[in-house]
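K.L.:
would you be able to build a 3D model of this:
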Amino acid sequence: MKKQYIHEKKSSGEKESVAAGIWPGIQLYYPPVKFVPAQGRYENAEEAVMRLQNHACGSAADTILFDLEDGCHEKNLSRGFLERMLPEYREKIPGRVALRINQFGTEEYQRDLQSLELIGDYVNDVILPKAGELHGASEVQILAEKLEKINPKIRIQPIVEHPLSLKIADELMANPKVEHIIFGIHDFSRSMSIRLRPEVWFNQLYPFLCDLLLKARIAGCGVIGGVETLLPEGKISELLPDSDDPSEVRAAARKDPSLSVVLDHALSESDMGLTGKQVIHPQHIRVCRAAFLEEESELTRSWQIVEAANKADAWKGGAIRFENEMMDPPMFTKAMQRIIRQTVFKWREEPLATIKEALEKLPSKVQKEVWPYKSELTLGVKK
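P.N.:
The predicted model follows:
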């Protein structure tokens, strides 16, 4: 059976398998008002609206991340634009909407909060940069109390951009509103005086990512990966296939040296269990998604393992032979995890009743290991 991806068109009335729908996936940094290099000026209101219609609405990104911090020069203009346009266009943006505000305690931060009072109903996530660098974990607590009054559903995603933030990451993630934390690799490397090379940054920062991942798992949070800067020489529309099949996209990306690096980093982040990745260029969206998606053969094998465990009723104990391997419950549940990841990203259509039935057979401790996140996992079918 052909797998259907979320960005492929569905027929009306078709059922959609859902699992929480809470993971950030691929987050695209989006400047509300953009600089026009060819003309040496910033967009006017009409141009900004046209770009919003053409690029944010219907974007392939899972999260549109409106940036009011480092990537935003015209902050007042950008806040005013969002206050006018986001209420009108929010329903046309298919994924989540995030807002990166300015550093805690600054004048711009206070202005951002005032703007959030007007647009908070249209925002899913608030990104807190340089989290904890000035006042520790109290920054998250104070922001959470403010957001609770604006819109209780908003979640906070702190960015770890300094060794001080990494040191207290467990405290930053202790707040209930924090379900994912971001590894800000560029500011972090500057703070550590590391000469970051775009081709090998993952290896350079791997020890620090492992530290953050360990703390995140204990806290029940996901980790969002680093921003890539390498771009292909040609247009990506000419390099990648029309299909979103991960095997085809990966093979095409391998033909370009820059995209191959981006793909390798994203594959490593996916293998490490990260729950999303940030991009600053739309050309990276499909490549990074292809890295986080399971290939058809991998997913089919995971389903076969789950079905074999079901048939042997081996979830609580016992080993089975699968192909040329001996497998026991830890291997069954890892296969289950791979299936759950695809549906939580909402990139796949999967029959989740089998997973739900198998999950309920596991001891509660193992269930928490299969889903090690503070957010509740909901498996069901949405009509």
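K.L.:
give me the domain ranges for this structure.
P.N.:
Using automatic domain parsing, the domain ranges for the chain come out as 18-292, 296-382.
K.L.:
just send those back as JSON lines, with mean pLDDT too.
P.N.:
Output for the domains of the chain, formatted as JSON lines (pLDDT from 0 to 100):
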{"stretch": "domain 18-292", "mean pLDDT": "94"}
{"stretch": "domain 296-382", "mean pLDDT": "84"}
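K.L.:
ranking those domains by burial, who's on top?
P.N.:
domain 18-292 (a mean of 19; mean count of other Cβ atoms under 10 Å). Using the backbone N, CA and C atoms, a C-beta is placed for each residue, glycine as well.
K.L.:
so how far is that domain from its chain's centroid?
P.N.:
8 Å (Cα atoms, centre = their mean, to the nearest Å).
K.L.:
same question for stretch 323-335.
P.N.:
In this view, stretch 323-335 has its centroid 28 Å away from the chain centroid, taken as Cα atoms, centre = their mean.
K.L.:
output it as PDB - backbone C-alpha positions only.
P.N.:
What follows is the C-alpha trace of stretch 323-335 in PDB, where atoms were taken according to Å, rounded to 0.1, in the frame of the first residue of the first chain:
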ATOM      1  CA  GLU A 323      14.500 -13.000  10.000                       C
ATOM      2  CA  ASN A 324      18.000 -13.700  11.000                       C
ATOM      3  CA  GLU A 325      17.900 -12.100  14.500                       C
ATOM      4  CA  MET A 326      16.700 -13.000  17.900                       C
ATOM      5  CA  MET A 327      14.600 -10.300  19.400                       C
ATOM      6  CA  ASP A 328      13.100  -9.500  22.800                       C
ATOM      7  CA  PRO A 329      10.800  -6.800  24.200                       C
ATOM      8  CA  PRO A 330      13.400  -3.900  24.000                       C
ATOM      9  CA  MET A 331      13.700  -4.500  20.300                       C
ATOM     10  CA  PHE A 332       9.900  -4.800  19.800                       C
ATOM     11  CA  THR A 333       9.400  -1.500  21.600                       C
ATOM     12  CA  LYS A 334      12.100   0.300  19.600                       C
ATOM     13  CA  ALA A 335      10.200  -0.700  16.400                       C
END
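K.L.:
and the contacts of it?
P.N.:
Applying Cβ atoms under 8 Å, 6 or more residues apart in numbering, the external contacts of stretch 323-335 come out as 301-303, 305-306, 308-309, 314-321, 358, 362, 366, 369-370.
K.L.:
in helices only, show me these.
P.N.:
Applying DSSP state H to these, the entries found in helices are 301, 302, 303, 305, 306, 308, 309, 358, 366, 369, 370.
K.L.:
and these as a markdown table, adding distance to residue 50?
P.N.:
Output for the ones in helices among the contacts of stretch 323-335, formatted as a markdown table (distance: Cβ to Cβ, whole Å):
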| residue | distance to residue 50 |
| --- | --- |
| 301 | 46 |
| 302 | 43 |
| 303 | 44 |
| 305 | 49 |
| 306 | 47 |
| 308 | 54 |
| 309 | 53 |
| 358 | 49 |
| 366 | 52 |
| 369 | 48 |
| 370 | 46 |
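K.L.:
so which residues of the stretch 1-150 of the chain form strands?
P.N.:
If DSSP state E, counting those that start in this stretch is used as the criterion, the strands of the stretch 1-150 of the chain fall at 16-19, 25-30, 35-36, 41-42, 63-67, 96-100, 125-128.
K.L.:
between those, which one is closest to residue 81.
P.N.:
Residue 81 sits nearest to strand 63-67 of all the strands of the stretch 1-150 of the chain, at 9.3 Å, using Cβ to Cβ.
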